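1. Whatever this is, show me its structure:
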Amino acid sequence: MLKTDKKLIIIVLIVVAALALLYLSQEIRRTYKKEVLNGLGRVQGADLSLLTESDIQHLPEIVQKYLAYTGVIGKPKVQNYRIVLEAEMKTDPRKPWTPVIFEQYNFLDQPTRLFLVRMNMSGLPVIGLDSYINTKGNMLIKAAGLIKVSDIGGEFMDRAEAATLFNDMCLVAPASLTDPRIEWENIDDLTVKAIFTDGPNRVSAWLYFNDIGQLVNFVTDDRSYTTMDGKNMQVRWSTPVGNYREISGMRISTSGAATWHLPEGDYTYGKIKNIRELEYNLESYK
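-> Alright, predicted model coming up:
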């Protein structure tokens, strides 16, 4: 009986330890869901009136053309959206591409970006949360959901995440470009400079369009690149896009890349291969 009792105790301890590790490994997912639910709670009853021609009259002509091309005029104004992307990433210019799934919620009332990534690195499953909440940016990455690989915050991340959120607005939620927090400057017939301000974060970007009104590139100097030795340096970042098609009643780009323009040469570290899901103005968590 004594040996049986010891075996039973060992089995119970192993099960308890496994359950504890499983619970801890889901911490990033729980944080993600909590912040999404916070956002969904805020936008209940938000203004979903239709975007009209008069709403866009103050925008540069080429931006008006972009909004008309995407089909947002006459559709409800966007308060939030959820997108699931199939992509490829590389964590170093010398490494091969790795398939990755991105899931993301954005909220526009209080600019919020919640970007969940799942991928494999060196044979280990990795989960990360790239976030912008209450003007604060952070990137948290854990191997197997347990071992912290990266946890980066600070003023440079606040500004970088604000720039990334503005990139999302331009590419995924064109209707949001009527936001009064955006200032516009015409550069030429197909190029504008835009400045987005959220609290202490003021970021700018150049938006490049083609003749038919498609946004083809977004370029900013307000993101920071982390070097292999942990240093942060402000580097030009661009997201050339294309392959426009209709999703959820909007014409948006469905392929693109993310590129750092480093002193030693360009480094494309991400490629969007497909938009798996896209929904606007959600009321409940999915």
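2. Going by C-alpha atoms from here, please, whenever you check contacts or count neighbours.
-> Noted.
3. Could you count how many residues lie near the nearest residue to D109 once chain neighbours are set aside?
-> The shortest distance from D109 to any non-neighbouring residue, by Cα to Cα, 6 or more residues apart in numbering, is to Q79 (6.5 Å). For Q79, the neighbour count with other Cα atoms under 10 Å is 24.
4. Just give the number of residues close to G213.
-> Residues near G213, counting by other Cα under 10 Å, number 19.
5. same question but for Q44, I mixed them up
-> Neighbourhood size, Q44 [other Cα under 10 Å]: 13.
6. With R29 as the reference, measure out to the residue lying closest to it once chain neighbours are set aside.
-> Excluding its sequence neighbours, the residue lying closest to Q44 (Cα to Cα, 6+ apart) is E283, at 6.9 Å. According to Cα to Cα, to the nearest Å, E283 stands 19 Å off from R29.
7. hmm, back to that, is it true that the residue nearest to Q44 lies in a helix?
-> No - E283 is assigned coil when assessed by DSSP: H, G, I helix; E, B strand; the rest coil, not a helix.
8. So what does it have for phi and psi?
-> Phi and psi for E283, reported as degrees, to the nearest 10, are phi -110, psi -20.
9. Kindly report the same for E61.
-> Backbone torsions for E61, taken as degrees, to the nearest 10, come to phi -60, psi -40.
10. so what's it scoring on pLDDT?
-> Listed pLDDT for E61 reads 98.
11. In this structure Y81 contacts L278, no?
-> Yes - in this structure, Y81 is within contact of L278 by Cα atoms under 8 Å, at 7.2 Å.
12. my read: Q64 touches S54, true?
-> No - with contact defined as Cα under 8 Å, Q64 does not count as touching S54 (10.6 Å).
13. Which one's more surrounded, those two?
-> Neighbour count, other Cα under 10 Å: between Q64 and S54, Q64 has more, with 19 against 8.
14. Contacts only, for that one.
-> I56, Q57 (Cα atoms under 8 Å, 6 or more residues apart in numbering).
15. Nearest spatial neighbour of N106, chain-adjacent residues omitted?
-> Nearest residue to N106 in three dimensions, chain neighbours excluded: R113, at 4.6 Å (Cα to Cα, 6+ apart).
16. mind checking the SS state of that neighbour?
-> Under three-state DSSP, R113 falls in the strand class.
17. which residues does it contact?
-> R113 sits in contact with Q104, Y105, N106, F107, D130, S131, Y132, I133, L165, where contact means Cα under 8 Å, 6+ apart.
18. Just give me the closest of those to P93.
-> Nearest to P93 among the contacts of R113: D130, at 20.8 Å, using Cα to Cα.
19. Looking at the contacts of R113, state which has the most neighbours.
-> With neighbours taken as other Cα under 10 Å, the top of the contacts of R113 is S131, carrying 28 neighbours.
20. neighbouring strands for the helix or strand hosting that one, and are they parallel or not?
-> Element membership for S131 (DSSP states H and E) is strand 124-133. Using DSSP bridges, the strands paired with strand 124-133 in its sheet are strand 112-121 (antiparallel), strand 136-143 (antiparallel).
21. Adding distance to T226 and mean pLDDT, write these out as TSV.
-> Formatted as TSV, these follow (distance: least, Cα to Cα, whole Å; pLDDT from 0 to 100):
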stretch	distance to T226	mean pLDDT
strand 112-121	18	86
strand 136-143	12	89
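22. and of those, who's closest to L59?
-> Nearest to L59 among those is strand 112-121 (23.4 Å), distances taken as Cα to Cα.
23. For the closest one, output the C-alpha coordinates as PDB.
-> These are the backbone C-alpha positions of strand 112-121, laid out as PDB (Å, rounded to 0.1, in the frame of the first residue of the first chain):
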ATOM      1  CA  THR A 112      -5.300  50.400 -29.400                       C
ATOM      2  CA  ARG A 113      -3.400  47.700 -31.300                       C
ATOM      3  CA  LEU A 114      -3.300  44.100 -30.100                       C
ATOM      4  CA  PHE A 115      -1.100  42.000 -32.400                       C
ATOM      5  CA  LEU A 116      -0.800  38.300 -31.500                       C
ATOM      6  CA  VAL A 117       1.800  36.200 -33.300                       C
ATOM      7  CA  ARG A 118       2.400  32.400 -33.300                       C
ATOM      8  CA  MET A 119       5.400  30.900 -34.900                       C
ATOM      9  CA  ASN A 120       8.300  28.400 -34.500                       C
ATOM     10  CA  MET A 121      11.800  29.400 -33.700                       C
END
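24. bridging residues for the spatially closest residue to I247 that is not a sequence neighbour?
-> Nearest non-adjacent residue to I247, counting by Cα to Cα, 6+ apart: L278, 7.1 Å away. Note on L278: beta-bridge partners I83, judged by DSSP bridges.
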